[in-house]
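Engineer: how would this look folded up:
(2 chains)
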Amino acid sequence: MKFVDEYRDQAAAARCAQAIARITTRPWSIMEVCGGQTHSIVKYGIDELLPKAITLLHGPGCPVCVTPLELIDKALQIAARPEVVFCSFGDMLRVPGSGGDLFSVKAQGGDVRIVYSPLDAVKLARENPQRQVVFFAVGFETTAPANAMAVFQAHTQKIPNFSVLVSHVLVPPAIEAILGAPDNRTQAFLAAGHVCTVMGYQEYLPLAKKFRVPIVVTGFEPLDILQGILMCVEQLEQGRAEVENQYARSVQSQGNRPAQDLMAKVFRVVARKWRGVGEIPNSGYSLRDEFAAHDAEARFGVAGYSVDEDSECISGQVLRGVKKPQECPAFGKRCTPERPLGATMVSSEGACAAYYQYRRHEQRSLAAEKPSQDRSQDRSQDRR
Amino acid sequence: MCLAVPGKILTIVGEDTARTGSVSFGGVTKEACLAFVPDAKVGDYVLVHAGFAISIVDEDEAAQTLEYFRQIGELGELEKQP
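Structural biologist: Here you go, the predicted model:
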């Protein structure tokens, strides 16, 4: 596929990894914010191509992972109602709430449907005026224009039986929370290319300046990620802390203005709770008052409900890059993608789920062979 | 979840918030909303997320990134020479 295959060239990836090794003189920790990038890094073994001195930390950019438990519970309550058609992106259906998930609601007779686009849910509402159609509007800035358009169209086309359960989160406040934490280890960021496609990267300039961190807007293919890392390491080695754009084929400095305009019309910025992290000020969206008629929380009376998360799960530390998945005693044992304890094991873009899928067997076989091997020897064995 | 896939616009219909088109992803064609890329024309590549085009792929920038990787290779070869 054009604009995909050419950015997966193995020889070019090796050359880029060599270039990173040539300029690296000391240890650096770099965080990729987006779960899609985490998935690519672990899937393609990008971290294993890098010199030992470079550590990649996996950030909180997985909307499925950070949607708080209480919102999943609200989704379950709404989806179980007989008059409701509950629509969602597919990856939300397995996310466990306090009692079951959307799949279990569906198994018990709930009308739960997977849609490709929120506009599919609007169409369902238009065609089924006797049913209440609810869309689970989850996501980062990348998905917000799509969800804003669904609400806007339902409003202007007067489709009263369409509503949204909103769980929208924003990247820059999360980066600020990570950098401001006393146990922060992150020295540079790969900013999420598709979030910046929508929002641009002006918001990151004050963060780079305030915390003295390089931030490189980066794409999702293996060569994009390697170039993003190379640009971070160049800045770190030269003592610079600037915002740079690796993903210029999609990202412009000001982002997508028509998308931002519609988002601003439909949403307002509010504090949001992040699963495994807690509440972050100004870190998400809610519907503006003029679109409140389409707010599913108010319509079905589930606002104000709150629950606590599992205390054994360390996903909050994983999401902030403080710990790696395999440092959790429950990883792969009491916590698996089939029976997740928390956020990061839920979605394929969660760090724990990515490690479980691509690294679990290697770790087991290596542990059985020689438990005391150092990391570089581990890598040479991994590639055999 | 922030996955976006590049595809080529084959047709465009409608205007403003109702602007849509058929987009080919390596031969598989799907409808996408084109309201957020008002400058996109038939033949352009767009990045599509959740049924919405969120950007027009800048082909010059795409080529420059690939050129960068070619130059990295040449630089490595030069450094290997005595």
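
Engineer: ok, residue A:203 - contacts?
Structural biologist: residue A:172 (C-beta atoms under 8 Å, 6 or more residues apart in numbering or on different chains). Where C-beta positions appear, they are placed from N, C-alpha and C, glycine not excepted.

Engineer: Show me what the lowest-mean-pLDDT helix or strand in chain B is packed against.
Structural biologist: Across the helices and strands of chain B, mean confidence by mean pLDDT, DSSP states H and E is lowest for helix B:59-80: a mean of 81. Taking 3 or more C-beta pairs under 8 Å, 6 or more residues apart in numbering or on different chains; DSSP states H and E as contact, the helices and strands that helix B:59-80 lies on are helix A:10-23, helix A:222-238.

Engineer: These: which one's closest to residue B:40?
Structural biologist: helix A:222-238 (22.1 Å; C-beta to C-beta).

Engineer: Run the chain-centre distance for the closest one.
Structural biologist: Here helix A:222-238 is found 21 Å from its chain centre; the criterion is C-alpha atoms, centre = their mean, to the nearest Å.

Engineer: would TSV of the helices and strands packed on helix B:59-80 with mean neighbour count, mean pLDDT and distance to residue A:189 be doable?
Structural biologist: Below are the helices and strands packed on helix B:59-80 laid out as TSV (neighbours: other C-beta atoms under 10 Å in any protein chain shown; pLDDT from 0 to 100; distance: least, C-beta to C-beta, whole Å):
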stretch	mean neighbour count	mean pLDDT	distance to residue A:189
helix A:10-23	18	93	16
helix A:222-238	23	97	8
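
Engineer: can you list these in TSV and add distance to residue A:347?
Structural biologist: Below are these laid out as TSV (distance: least, C-beta to C-beta, whole Å):
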stretch	distance to residue A:347
helix A:10-23	25
helix A:222-238	19
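
Engineer: Now do the contacts for residue 24.
Structural biologist: No chain in the question, so chain A it is. Going by C-beta under 8 Å, 6+ apart, residue A:24 touches A:51, A:53-54, A:233, A:237.

Engineer: meant chain B actually
Structural biologist: Applying C-beta under 8 Å, 6+ apart, the residues near residue B:24 are B:7-8, B:10.

Engineer: Quick check: it is in a helix.
Structural biologist: No - using DSSP: H, G, I helix; E, B strand; the rest coil, the secondary structure at residue B:24 is strand, not a helix.

Engineer: Looking at chain B, which residue is nearest chain A?
Structural biologist: Here the residue of chain B nearest chain A is residue B:51; by C-beta to the nearest C-beta that distance is 2.7 Å.

Engineer: which residues does the residue lying closest to that residue once chain neighbours are set aside contact?
Structural biologist: Nearest residue to residue B:51, sequence neighbours excluded (C-beta to C-beta, 6 or more residues apart in numbering or on different chains): residue A:117, at 2.7 Å. Neighbouring residues of residue A:117 by C-beta under 8 Å, 6+ apart: A:146, B:33, B:50-52.

Engineer: Show me what the longest strand anywhere in chain B is packed up against.
Structural biologist: Among the segments of chain B that qualify as a strand by DSSP state E, the longest is strand B:5-13. With contacts taken as 3+ C-beta pairs under 8 Å, 6+ apart, strand B:5-13 sits against strand B:20-25, strand B:28-33, strand B:45-49.

Engineer: Who wins on neighbours among the contacts of residue B:24?
Structural biologist: residue B:7 (26 neighbours; other C-beta atoms under 10 Å in any protein chain shown).

Engineer: Please tell me how far that residue sits from residue A:319.
Structural biologist: 32 Å (C-beta to C-beta, to the nearest Å).

Engineer: what do you get for residue A:203?
Structural biologist: 20 Å.

Engineer: Count the neighbours of residue A:130 for me.
Structural biologist: By other C-beta under 10 Å, 6 other residues sit near residue A:130.

Engineer: mind checking pLDDT for it?
Structural biologist: According to the prediction, residue A:130 has pLDDT 97.

Engineer: circling back: orientation of the least confident helix or strand of chain B relative to strand B:5-13 in degrees?
Structural biologist: 160 degrees (axes from the mean of the first three to the mean of the last three C-alpha atoms, to 10 degrees).

Engineer: wait, isn't residue B:44 in contact with residue B:6?
Structural biologist: No - applying C-beta atoms under 8 Å, one finds residue B:44 not in contact with residue B:6, separated by 10.3 Å.

Engineer: joint contacts of these two?
Structural biologist: The contact sets of residue B:44 and residue B:6 overlap at residue B:57 (C-beta under 8 Å, 6+ apart).

Engineer: list the buried ones in stretch A:293-302?
Structural biologist: With burial defined by 16 or more other C-beta atoms under 10 Å in any protein chain shown, the residues of stretch A:293-302 counted as buried are A:294-297, A:299-300, A:302.

Engineer: And the average pLDDT for the longest strand of chain B is what?
Structural biologist: Mean predicted confidence for strand B:5-13 is 97.

Engineer: do the same with stretch A:25-38
Structural biologist: Rounded mean pLDDT across stretch A:25-38 is 95.

Engineer: Work out the gap between it and the centre of the chain.
Structural biologist: 14 Å.

Engineer: before we move on, what about stretch A:268-284?
Structural biologist: On C-alpha atoms, centre = their mean, the centre of stretch A:268-284 falls 14 Å from the chain's centre.

Engineer: does that stretch come close to chain B?
Structural biologist: No - between stretch A:268-284 and chain B, judged by C-beta under 8 Å from any C-beta of the partner chain, nothing touches; the nearest distance is 14.1 Å.

Engineer: Which positions in that stretch come out as buried?
Structural biologist: Of the residues in stretch A:268-284, A:272-277, A:280, A:283-284 count as buried by neighbour count, 16+ other C-beta under 10 Å.

Engineer: can you give me phi and psi for the most centrally placed residue in chain A?
Structural biologist: Residue closest to the average C-alpha location in chain A (C-alpha atoms, centre = their mean): residue A:62, at 1.7 Å. Backbone torsions of residue A:62, given as degrees, to the nearest 10, read phi -120, psi 100.

Engineer: got a list of what the closest residue to it other than its chain neighbours touches?
Structural biologist: Take residue A:62 and drop its neighbours on the chain: the residue closest to it by C-beta to C-beta, 6+ apart is residue A:35, 3.1 Å away. With contacts defined as C-beta under 8 Å, 6+ apart, residue A:35 is in contact with A:61-65, A:347, A:349-351, B:1-2.
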